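> Sharing a model that was predicted from the sequence below.
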There are 4 protein chains.
Amino acid sequence: MPRVKQQFDAMRSATREKIITAGLQLFSTKGLAATSIQDIAGLAGISVGLTYHYYKSKEDLFTELVEMVVDSADESTQVLFNSDQSPAEKIKMFSKNVIDSIAESAAMSQYYLLMIHYVLVVDPSKKAVKIREKSFAPLESVKRTVIEGQELGEVKPGDPDEMIVLYFAAIQGLSISKLMMGNRFVLPSPDLLSGLLLDNPKRKSAALPIN
Amino acid sequence: MPRVKQQFDAMRSATREKIITAGLQLFSTKGLAATSIQDIAGLAGISVGLTYHYYKSKEDLFTELVEMVVDSADESTQVLFNSDQSPAEKIKMFSKNVIDSIAESAAMSQYYLLMIHYVLVVDPSKKAVKIREKSFAPLESVKRTVIEGQELGEVKPGDPDEMIVLYFAAIQGLSISKLMMGNRFVLPSPDLLSGLLLDNPKRKSAALPIN
Amino acid sequence: MPRVKQQFDAMRSATREKIITAGLQLFSTKGLAATSIQDIAGLAGISVGLTYHYYKSKEDLFTELVEMVVDSADESTQVLFNSDQSPAEKIKMFSKNVIDSIAESAAMSQYYLLMIHYVLVVDPSKKAVKIREKSFAPLESVKRTVIEGQELGEVKPGDPDEMIVLYFAAIQGLSISKLMMGNRFVLPSPDLLSGLLLDNPKRKSAALPIN
Amino acid sequence: MPRVKQQFDAMRSATREKIITAGLQLFSTKGLAATSIQDIAGLAGISVGLTYHYYKSKEDLFTELVEMVVDSADESTQVLFNSDQSPAEKIKMFSKNVIDSIAESAAMSQYYLLMIHYVLVVDPSKKAVKIREKSFAPLESVKRTVIEGQELGEVKPGDPDEMIVLYFAAIQGLSISKLMMGNRFVLPSPDLLSGLLLDNPKRKSAALPIN
DNA sequence: AATGAATGAGTGTTCATTCAT
DNA sequence: TATGAATGAACACTCATTCAT
């Protein structure tokens, strides 16, 4: 959490904020190689030289942005999964948040695209390994909840690993498809997504007549 | 006397093959900008200049590869969905093929990564629009089958558009995750994937005998 | 604090000047294709990259130089032919200026060589057409003066178009021959050149006293 | 003259002839650097490799073409100026031939453009010096005739060197202008050209009323 | 903190030339 | 004599990075 604090201090600089916004936008769509510092400086409305006043190198900025989004994802997931709701409620809430986030902003798309560029292009260093590890934290949180939920009968049976891989694959796919499909994209309902892990609530109600 | 035409054709095919293989591998992981022609030529085991004997430009090669994988995906989907199986069987078979393909080769990963790079980086031209259109053909095939299947009661109820978007998002996510997650990746069973559209057969059969 | 705008402007002007001088010299003699940007940068005493800070491309620089000399030629011709001298005086003065210019600097040679390279190599665009049109302006000025002079009896009779084509052909030929002939080149007197359009004054005066 | 014989032998090869024709056309307009061997082979309708069967290198072909046109110009000039006509008649005939040649074919334009490219671009070697020397032969022929004609009173008085430089400058200028000016070009009459060296015959007849 | 001119290394692309057949 | 695939060096152009101010 000192890391986050530090970021917020950094953010206090309006210039840094401009660079971050421009960098996120350009790096996530075009990737590291296809984005130039002059592009970023131009979009941020500042000079090239100033960018180097804040970031040691292009790759440095890129890495910092990846770190930032990974931290942010981790943090917001933590908050939800450390709450005292039932596993099913957590999963429903998480799914709803994800769908809402995809609907409202580019943050999710940027997160996944950035990760793709990062993992596939940037050569792995110690730092890179640490960041990658952290990027799996949300999967771990959900996995624990799935196992717990299965024990309670709230979550569908099945291999938890396979289930969360598919669940997050769907989330990643949706995030990226939103950007790629243009007006052909329709956002599934949160229930459709959470249906990957939970029994469909609608179907349950359909079964209720018996009770 | 000159080489006969046949000889030249054979030479051309062999070299073209090498370039295609190398290009697919490098473009799909690193993208257009981060892949140099020298990388490709090196991996293909030929000279840089020769690459330009076969492809007018780096972007030209990139586009041709994208076209190639899109055509291939379209074609293999067509074959399956034009068969005379029931909707549920088609979906099960398609899901199985997808999972097998992800398991066995890099083709699926390459397809989706290539499309991401293509859509996000290459500026849209008439050709680009045509290619994108064709890339939606598999979705349309599945959509028709879903609707048909819903009428027969073989496919889960729900908005077909939302369902196929989620279904293909999951496929895309799995394909990419396989590359990104490394040894943390576990491949879900075909039934788990087809479960997005169909009622899970195992649960039904598993639940019945006991009770 | 950053350099003030004035400082940057001064830097830009100085560098631009160097590029222009080097470019004129090299392009005019060797042409577009045989002149490399490295040649130009080297002669200008700057780096290759910097050249691209000022000109988008080699052809762009070339075109700008052509435009520059065409404008300059047009302008200096205008000044003379809009003066209030008699046609014969204008033609004498123009011929003298031309001969002096060929004698003193490389400007005339550069002008004609540049135009040759431009017309024969650069593919015709809207801009190219406009530049070519402007390059005919001096011919038009002289033509008007020739016609006027013929009416006054100051200029030799004959088809004005043929006469100015021959007159300018001679000027172009002299400009280029100066560079090509080396020490075999001797510059004709202005009267010899203007003799193409005017009756030779010397002969008249030389012939009269005796008879 | 053995040289010419040799060329004719060479010409006997239809392939050589194709290369020569293509080379003359491309080199004269685009110059050495901007013309590729593949261009030439393409225009000649043969393969790249075959071109190298006939000419050691691109520059070799270029030099041979220059030599060829210089020889040809020298030879045809010799024939005329070694005839037993009067100086004025020789000059009139030469001027007429020049104007006709400009009117009818591209040979004159090709000759002068080729020479410009050759002198200004190709680095001077022993061979180059010899070729350049030969290219001045026509000037020498005309110069001798001018001096002779001045002694006979057939040619205008004046510095013979200045006069022939201007005369050939005009010829060169016309040849090149024909290509450059497009439809604005009008060919002066032979008398206008020969008027640079001879008194205008028309004007003489205008003076005749007295006799 | 801020600017943008300047450099140099890297990459895309062309093309003269060679070579196996 | 004839072909065109293949190479490598040269050149156009871009861009991360530095620097004087």
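Structure's in. What do you need? Small disclaimer: the values here were computed from a predicted structure and weren't measured. Numbers count the residues shown, from 1 in each chain, chains lettered A, B, ... in the order given.
> From now on I want contacts and neighbour counts done on CA atoms only, so please keep to that.
OK.
> Which residue ranges of chain A form helices?
A:2-11, A:14-34, A:37-44, A:48-54, A:58-81, A:87-104, A:107-121, A:126-135, A:137-152, A:160-181, A:190-194, A:201-207 (DSSP state H).
> Nearest to DNA strand E, out of the ones you listed?
Between DNA strand E and the helices of chain A, the shortest separation by C-alpha to the nearest atom of the strand is 3.0 Å, and it involves helix A:48-54.
> quick one: is the closest one near chain C?
No - using C-alpha under 8 Å from any C-alpha of the partner chain, helix A:48-54 stays clear of chain C, with a minimum separation of 10.4 Å.
> what residue ranges in chain A are flagged as low confidence?
In the predicted model of chain A, residues A:1-12, A:200-211 satisfy pLDDT under 70.
> which parts of it sit against chain B?
A:29-30, A:32-34, A:116-117, A:119-121, A:161-163, A:165-174, A:177, A:180, A:185-189, A:192-193, A:196.
> can we see that at 6 Å?
Contact residues (C-alpha under 6 Å from any C-alpha of the partner chain) of chain A with chain B: A:29-30, A:33-34, A:120-121, A:162, A:169-170, A:172-174, A:186, A:188.
> Show me which of those is closest to residue C:125.
Ranked by distance to residue C:125 (C-alpha to C-alpha), those are led by residue A:34 at 31.0 Å.
> and the gap between the nearest residue to residue A:118 once chain neighbours are set aside and chain C?
Nearest residue to residue A:118, sequence neighbours excluded (C-alpha to C-alpha, 6 or more residues apart in numbering or on different chains): residue A:66, at 7.5 Å. Per C-alpha to the nearest C-alpha, to the nearest Å, residue A:66 is found 32 Å from chain C.
> what about the nearest residue to residue A:190 once chain neighbours are set aside, neighbour count?
Distance criterion C-alpha to C-alpha, 6+ apart; nearest residue to residue A:190, sequence neighbours excluded, is residue A:96 at 4.9 Å. The tally of other residues near residue A:96 (other C-alpha atoms under 10 Å in any protein chain shown) stands at 17.
> what does residue A:140 give?
14.
> Check the one 3 residues further on too.
Residues within reach of residue A:143, counting by other C-alpha under 10 Å, total 18.
> same thing with residue A:105?
10.
> can you check the one 10 residues further on too?
Counted with other C-alpha under 10 Å, residues neighbouring residue A:115 total 22.
> Okay, it and residue A:78: tell me how far apart.
Plainly put, residue A:115 is 19 Å away from residue A:78 if you go by C-alpha to C-alpha, to the nearest Å.
> For residue B:125, find the nearest of the helices of chain A.
Nearest to residue B:125, of all the helices of chain A, is helix A:160-181, at 15.4 Å by C-alpha to C-alpha.
> Report all helices and strands that that closest one contacts.
Helices and strands touching helix A:160-181, by 3 or more C-alpha pairs under 6 Å, 6 or more residues apart in numbering or on different chains; DSSP states H and E, are helix A:107-121, helix B:160-181.
> Residue D:140 is nearest to which of those?
Closest among the helices and strands packed on helix A:160-181, using C-alpha to C-alpha: helix A:107-121, at 71.3 Å.
> got the angle between the closest one and helix B:160-181?
30 degrees (axes from the mean of the first three to the mean of the last three C-alpha atoms, to 10 degrees).
> For helix A:107-121, which helices and strands make contact with it?
Judged by 3+ C-alpha pairs under 6 Å, 6+ apart, helix A:107-121 is in contact with helix A:14-34, helix A:160-181.
> so which of those comes closest to residue B:61?
Smallest distance to residue B:61 across those (C-alpha to C-alpha): 17.3 Å, for helix A:14-34.
> Spatially nearest residue to residue A:187 (excluding sequence neighbours)?
Using C-alpha to C-alpha, 6+ apart, the nearest residue to residue A:187 is residue B:162, at 6.2 Å.
> Was I right to think that neighbour contacts residue A:188?
Yes - using C-alpha atoms under 6 Å, residue B:162 is in contact with residue A:188, at 4.6 Å.
> More neighbours: which of these two?
residue A:188 (19 against 16).
> circling back to that earlier point, could you measure from the residue nearest to residue A:190 over to residue B:170?
17 Å.
> same deal with residue A:173?
Distance from residue A:173 to residue B:170, by C-alpha to C-alpha: 6 Å.
> higher neighbour count, these two?
residue A:173 (27 against 24).
> contacting residues for the more buried one?
By C-alpha atoms under 6 Å, 6 or more residues apart in numbering or on different chains, the residues touching residue A:173 are B:169, B:170, B:172, B:173.
> I figured the second one hits residue A:169, correct?
When you say that, I think you mean residue B:170. Yes - Residue B:170 is within contact range of residue A:169, at 5.2 Å (criterion: C-alpha under 6 Å).
> returning to what we had before: out of the helices and strands packed on helix A:160-181, nearest to residue C:21?
helix A:107-121 (44.3 Å).
> and the angle for that closest one with helix A:14-34?
On the basis of the same axes, to 10 degrees, helix A:107-121 is oriented at 50 degrees to helix A:14-34.
> and for helix A:107-121, what are the contacting residues?
A:28, A:31, A:102, A:175, A:176, B:29, B:30.
> quick one: which of those residues is nearest residue D:156?
Out of those, the member with the shortest distance to residue D:156 (by C-alpha to C-alpha) is residue A:31, at 77.3 Å.
> Can you get me a residue count around that closest one?
Residue A:31 has 29 nearby residues by other C-alpha under 10 Å.
> do the same with the one 3 residues further on
Applying other C-alpha under 10 Å, we find 16 other residues in the vicinity of residue A:34.
> Tell me how many other residues crowd residue A:35.
Neighbours of residue A:35 under the rule other C-alpha under 10 Å: 18.
> Next: the one 10 residues further on.
A count of nearby residues for residue A:45, using other C-alpha under 10 Å, gives 13.
> Distance check, the closest residue to it other than its chain neighbours against residue A:66.
Residue nearest to residue A:45 in three dimensions, not counting chain neighbours: residue A:18, with 7.8 Å by C-alpha to C-alpha, 6+ apart. Residue A:18 sits 16 Å away from residue A:66, going by C-alpha to C-alpha.
> These two: which has the busier surroundings?
Ranked by neighbour count (other C-alpha under 10 Å), residue A:18 and residue A:66 place residue A:66 first, with 26 against 19.
> I'd like the distance from the residue nearest to residue A:45 to DNA strand F, if you could.
17 Å (C-alpha to the nearest atom of the strand, to the nearest Å).
> same check, this time on residue A:95
37 Å.
> That residue contacts residue A:190, correct?
Yes - contact criterion C-alpha under 6 Å: residue A:95 and residue A:190 qualify, at 5.5 Å.
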